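> The sequence and its predicted three-dimensional model are supplied below.
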Amino acid sequence: MRIKIAQRKTLPRTIPLRVINLILKKAHEQEKCAKTNNQRLIAMRETAVLELLFATGIRVSELCGINIEDISLQEGYLLVHGKGNKERVIDIENYEVFKALENYKSAECNANSQFFFLNRHHRPLSDQSVRLIITKYAELVCTEQHITPHMFRHTFATTLLEAGMDIRYIQSLLGHSSISTTQIYTHVTARQQTLLLA
């Protein structure tokens, strides 16, 4: 007779807010220090990517798949194409995010592409490119933590939960089909509270 032993689920790893603030600050600094138009465009794209990841909690694949028509800066919303072709609308309420997107959009004027985020060859930005951007800034702020795009999503969710946001609302923002998937973040915040009290 075989006995099944329930495996302990690994809790999502988050990024300390101090590190995220350092990364975003460094990205904005890179824009100001850019010496050429090309360097400035790259810095604007990187800032927009990092700001959007943290402010919306979207998946890296969703970010790379954003079309120009999916973002309405006038009305302040982003249409996200999630898993299983499910769509959800996220309001862009943070001024820094709005400004980063606006700056990049005005600088990137390649009319031949339908995609919002483009690489230097004017092709859609890839998952790997986003990972390299994150690694670059993690190194620039001298953090030893290995940071992935999905950790921005985890940090977004736990930050909202700690702020008292309704878990059903967080579920809709993340595009989870099941509430049980979102509920794992309650364990993360409980663990963080335990560590603070220890």
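Arrived safely, thanks for sending. Numbers count the residues shown, from 1 in each chain.

> Just read off the phi/psi values of the residue positioned nearest the centre of the chain.
In the chain, the centroid-proximal residue (Cα atoms, centre = their mean) is L53; its distance is 1.3 Å. Phi and psi for L53, reported as degrees, to the nearest 10, are phi -60, psi -50.

> contacting residues around it?
V60, L63, V130, P149, F152, R153, F156 (Cβ atoms under 8 Å, 6 or more residues apart in numbering). All C-beta spots, glycine's among them, are computed from the backbone N, C-alpha and C.

> switch to 6 Å and redo it
F152 (Cβ atoms under 6 Å, 6 or more residues apart in numbering).

> Repeat that for the one 4 residues further on.
With contacts taken as Cβ under 6 Å, 6+ apart, G57 has the following neighbours: R153, F156, A157, L174.

> sec struct for the first one, please.
The three-state label for R153, taken from DSSP: H, G, I helix; E, B strand; the rest coil, comes out as helix.

> quick revisit: quick check: the residue nearest to the centre of the chain vs L24, distance?
10 Å (Cβ to Cβ, to the nearest Å).

> quick one: E62 and V80 touch, right?
Yes: when contacts are counted by Cβ atoms under 6 Å, E62 is listed as touching V80 (5.2 Å).

> which of the residues in the helix or strand L161 falls within are buried?
Per DSSP states H and E, L161 falls inside helix 149-162. Neighbour-count burial for helix 149-162 flags P149, M151, F152, R153, H154, T155, F156, A157, T158, T159, L160, L161 (criterion: 16 or more other Cβ atoms under 10 Å).

> now stretch 75-93
In stretch 75-93, counting by 16+ other Cβ under 10 Å, buried: L78, V80, H81, G82, I90, I92.

> Over to stretch 158-174?
T158, T159, L160, L161, I170, Q171, L173, L174.

> again, but for stretch 13-33
Buried residues in stretch 13-33 (16+ other Cβ under 10 Å): T14, I15, V19, I20, L22, I23, L24, K26, A27, H28, Q30, E31.

> Now go through the residues you listed and say which are in helices.
Among the buried residues of stretch 13-33, the ones falling in helices (DSSP state H) are V19, I20, L22, I23, L24, K26, A27, H28, Q30, E31.

> Retrieve the pLDDT associated with the second one.
Taken from the predicted model, the pLDDT recorded for I20 is 96.

> how about low-confidence regions in the chain?
Residue ranges of the chain with pLDDT under 70: 1-9, 111, 187-198.

> of all the buried residues of stretch 158-174, which two lie farthest apart?
Across the buried residues of stretch 158-174, no pair lies farther apart than T159 and Q171, at 15.1 Å, counting by Cβ to Cβ.

> quick one: the strands in this protein?
Along the chain, counting by DSSP state E, strands occupy 71-72, 77-81, 87-91.
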